[in-house]
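> what's the 3D shape of this:
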Amino acid sequence: MENYQADEHRYEQMHYERCGRSGILLPQVSLGMWHNFGAVDDYDRSRQIVRYAFDHGITHLDLTNNYGPPYGSAEQTLGRLVDDDLRPYRDELFIATKAGYDMWPGPYGNWGSRKYLMASLDQSLRRMHLQYVDLFYSHRYDPATPLEETLQTLVDIVRSGKALYVGISRWPLEATRFAFRYLRERDVPCLIYQGRINLLDRAPIQEGILDLCREEGVGFISFSPLAQGLLTDRYLNGIPEGSRMSRGKFLRPEMLTDEVLQSIRQYKAEAEAEGLALSEYALSWILRQPGVTSVLVGASSTEQLQKNLRCIGH
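A predicted model of the protein is given here:
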């Protein structure tokens, strides 16, 4: 592929939201690299998607240590992209990674210990060919490790210069409240909470997490905003061959119950009444929730990403 030069009009097409009470502005739509960026995926296609994203104002790229497959390979793909295309634009990008789930064998490759989080971030930086990340998350609540150990590690990571900001993902309410207070008292406030909000799953709203984020001046970013494809037209008439549900790893056929299908059809009718596609409606609904900063979308093609960007401004 030819040498990359970013579109000079890239910032004219995106809306940016302030992330809580911070200096950071995030694009309303951010790119998650959970699927389609591993070693098993075509590099040129991954490259086209990331180029398209940045050319349309998506500055925020979201990764995790074990995205792939295999584990770590999505970060390796980003490292290759940094070398091939993105190095001149590093200061325009807001790159996040996480640690908290299974990454390597043995007792120190999982959960929330200081040893795991520190080692994981060092490995991630090597894979991504970066000196620092803009945002590092504790990817999940660890009920066995003292919260103070996990949170002090986040503080020390920022003070080491290996991350500019820290966040937490999928922590329960009271642990989240404790985390916000602990980090704030050490002058390393939590920048953002990552949780799942979509039309079919409103748990962070119902549990009070979104309200807490808003009260505490912490941003909120939603992963799986389209419920892994359920909130598109793809499954309205059965399970297409080759679809994520047909493969049954993360989206299983038994999840498409009659009740869920009825809800999807109702949301489609509401979308059409507003002149929107179901996916546009689903994304714009999340962005209208008070306290939500951004939605994380995946993409298997530039065409799919283009469709998701249509939610901007609705």
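> Could you look up the next helix or strand downstream of the helix or strand of the chain with the lowest mean pLDDT?
One helix or strand of the chain scores below all others by mean pLDDT, DSSP states H and E: helix 244-247, with a mean of 57. Toward the C-terminus, helix 244-247 is succeeded by helix 258-273 as the next helix or strand (DSSP states H and E).
> Please name every helix or strand in contact with that next one.
helix 278-287 (3 or more CB pairs under 8 Å, 6 or more residues apart in numbering; DSSP states H and E). All C-beta atoms are positioned from the backbone trio N, CA, C, and that covers glycine.
> who's in contact with the helix it packs on?
With contacts defined as CB atoms under 8 Å, 6 or more residues apart in numbering, helix 278-287 is touched by 28-29, 197-199, 222, 225-227, 231-233, 264, 267-268, 270-271, 274, 276, 292, 295, 297, 307-308, 310-311, 314.
> Now do that helix, average pLDDT.
For helix 278-287, the mean per-residue pLDDT is 97.
> tell me the angle of it relative to helix 258-273?
If you take axes from the mean of the first three to the mean of the last three CA atoms, to 10 degrees, helix 278-287 sits at 90 degrees to helix 258-273.
> Could you tell me which strands sit next to the helix or strand that helix 278-287 is followed by in the sheet, and their orientation?
In the C-terminal direction, the helix or strand that comes right after helix 278-287 (DSSP H and E) is strand 294-297. According to DSSP bridges, strand 294-297 forms sheet pairs with strand 29-32 (parallel), strand 219-222 (parallel).
> right, and the ones you listed - which one's nearest L130?
With CB to CB as the criterion, L130 lies closest to strand 29-32 of those, at 16.4 Å.
> what residues does that closest one touch?
Against strand 29-32 from outside (CB under 8 Å, 6+ apart): 14, 49-50, 53, 58, 60-62, 221, 223, 283, 294-299, 305, 308-309, 311-312.
> Please state the offset of that strand from the chain centre?
Its chain's average C-alpha position is 6 Å from that of strand 29-32, according to CA atoms, centre = their mean, to the nearest Å.
> Of the strands paired with strand 294-297, which stretch is the most buried?
strand 219-222 (a mean of 26; mean count of other CB atoms under 10 Å).
> any low-confidence regions in the stretch 151-300 of the chain?
235, 237-253 (pLDDT under 70).
> Just the strands from this protein, written as ranges.
Taking DSSP state E as the criterion, the chain contains strands spanning 16-18, 25-27, 29-32, 60-62, 94-99, 133-138, 163-169, 190-195, 219-222, 294-297.
> Can you get me a residue count around V50?
24 (other CB atoms under 10 Å).
> Find the nearest non-adjacent residue to it, please.
Nearest residue to V50, sequence neighbours excluded (CB to CB, 6 or more residues apart in numbering): L81, at 5.6 Å.
> And the one you found, what's its pLDDT?
98.
> pretty sure it contacts R47?
Yes. Between L81 and R47 there is a contact under CB atoms under 8 Å: 6.2 Å.
> Compare those two (neighbour count), which wins?
When L81 and R47 are compared for neighbours, L81 comes out ahead with 23 against 18, by other CB under 10 Å.
> measure that one to D258 for me?
Between L81 and D258 the computed distance is 43 Å (CB to CB, to the nearest Å).
> How far does stretch 137-151 sit from its chain's centre?
19 Å.
> ok, and for that stretch, which residues are buried?
137-142, 145, 147, 150-151 (16 or more other CB atoms under 10 Å).
> do the same with stretch 223-234
223-232, 234.
> Would you mind listing the residues in contact with E254?
So E254 contacts nothing (CB under 8 Å, 6+ apart).
> On the pLDDT front, check H314 for me.
pLDDT, H314: 68.
> on that earlier part again, give me the buried entries from the contacts of helix 278-287.
With burial judged by 16+ other CB under 10 Å, the buried subset of the contacts of helix 278-287 is 28-29, 197-199, 222, 225-227, 231-232, 264, 267-268, 271, 276, 292, 295, 297, 307-308, 311.
> State the distance from the nearest residue to D134 once chain neighbours are set aside to D233.
Among residues not flanking D134 along the chain, F94 sits closest, at 4.5 Å (CB to CB, 6+ apart). Using CB to CB, F94 is found at 31 Å from D233.
> before we move on, what about E148?
E148 is 47 Å from D233, by CB to CB.
> do L296 as well
21 Å.
> One more: T145?
Taken as CB to CB, the span from T145 to D233 is 43 Å.
> now swap in L26 and tell me
Distance of L26 to D233, computed by CB to CB: 28 Å.
> With P225 instead?
16 Å.
> Equivalent analysis for E75, please.
E75 is 32 Å from D233, by CB to CB.
> Show me what R18 bridges to in the sheet.
L25.
> how many neighbours does it have?
With other CB under 10 Å as criterion, R18 counts 13.
> So F136 sits against I168, correct?
No. Counting by CB under 8 Å, F136 does not reach I168; the two are 10.3 Å apart.
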